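Chemist: what follows is a protein structure lacking sequence information:
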């Protein structure tokens, strides 16, 4: 097979930003060969406008023009010398690797309440005024109940919440056993709608198809038909 005039992508130079394609990259390479700075700048503006058409999703960001010019510099391997409306990007920032983010090793025993609830309890335990600490305990307990209902999609007794609050706070936040906890209207509405949906599904399962006796009156196997014939 004669390969004269053929050039495979695997044999070509690597595309720096694939979303703009090889055509834009070749334009940028030709742009750097223009000797006149003013003409080179005008050509750079035209290439940026073409880049915006080829990658329209970049327009979703507020500073998309700045982003396009940064991409133009990146494609040129930071060798472009034009009068850009924005400062050229810093090479070190573009090529530096992001810092590694470690996984959290928080040992949360009560995961269905969330880590913020534990922090709220720790902060409430430091409150020295008894009346304020009690008010915080009621507020936190109500939020614990809402979080539990949202997590498990089921109702929980107030006594379980009161016991968990006491255990997490190590006996500092103690509510009476007859305390009534309230949840937000949104959480309560979700539980009510979910319970209604479940009851409707159960009702559909229990509903049986009633046979049409009138349609079967002429069936010889129908007892009503036999009785009518005897009469």
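Modeler: That came in fine, so what should we check first? Note that this is a predicted model, so its numbers are computed, not measured.
Chemist: how about residue 54, nearest residue that isn't a chain neighbour?
Modeler: Once flanking residues are discounted, residue 54 sits nearest to residue 20: 5.8 Å by Cβ to Cβ, 6 or more residues apart in numbering. (Glycine included, C-beta is placed from N, CA and C.)
Chemist: the one you found and residue 78, how far apart?
Modeler: According to Cβ to Cβ, to the nearest Å, residue 20 stands 16 Å off from residue 78.
Chemist: next: residue 182.
Modeler: Applying Cβ to Cβ to residue 182 and residue 78 gives a distance of 61 Å.
Chemist: how about residue 65?
Modeler: Applying Cβ to Cβ to residue 65 and residue 78 gives a distance of 19 Å.
Chemist: for residue 19, same thing?
Modeler: 19 Å.
Chemist: likewise for residue 27?
Modeler: 17 Å.
Chemist: mind checking which of the two has more residues around it?
Modeler: Neighbours were counted for residue 27 and for residue 78 using other Cβ atoms under 10 Å; residue 27 has more, 19 against 13.
Chemist: check which residues of the helix or strand encompassing that one are buried.
Modeler: Assigned by DSSP states H and E, residue 27 belongs to helix 21-31. Neighbour counts over helix 21-31 (16 or more other Cβ atoms under 10 Å) mark 24-25, 27-28, 31 as buried.
Chemist: okay, those in a markdown table with distance to residue 164 and pLDDT next?
Modeler: Shown next, in a markdown table, are these (distance: Cβ to Cβ, whole Å; pLDDT from 0 to 100):
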| residue | distance to residue 164 | pLDDT |
| --- | --- | --- |
| 24 | 60 | 91 |
| 25 | 60 | 91 |
| 27 | 65 | 93 |
| 28 | 62 | 91 |
| 31 | 66 | 90 |
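Chemist: domain parsing for this protein?
Modeler: The chain breaks down by automatic domain parsing into domains covering 12-93, 115-206.
Chemist: among those domains, which comes closest to residue 102?
Modeler: domain 115-206 (15.9 Å; Cβ to Cβ).
Chemist: so how far is the closest one off the chain centroid?
Modeler: On the basis of Cα atoms, centre = their mean, to the nearest Å, domain 115-206 sits 25 Å off its chain's mean C-alpha point.
Chemist: for that domain, what is the average pLDDT?
Modeler: Average pLDDT, domain 115-206: 81.
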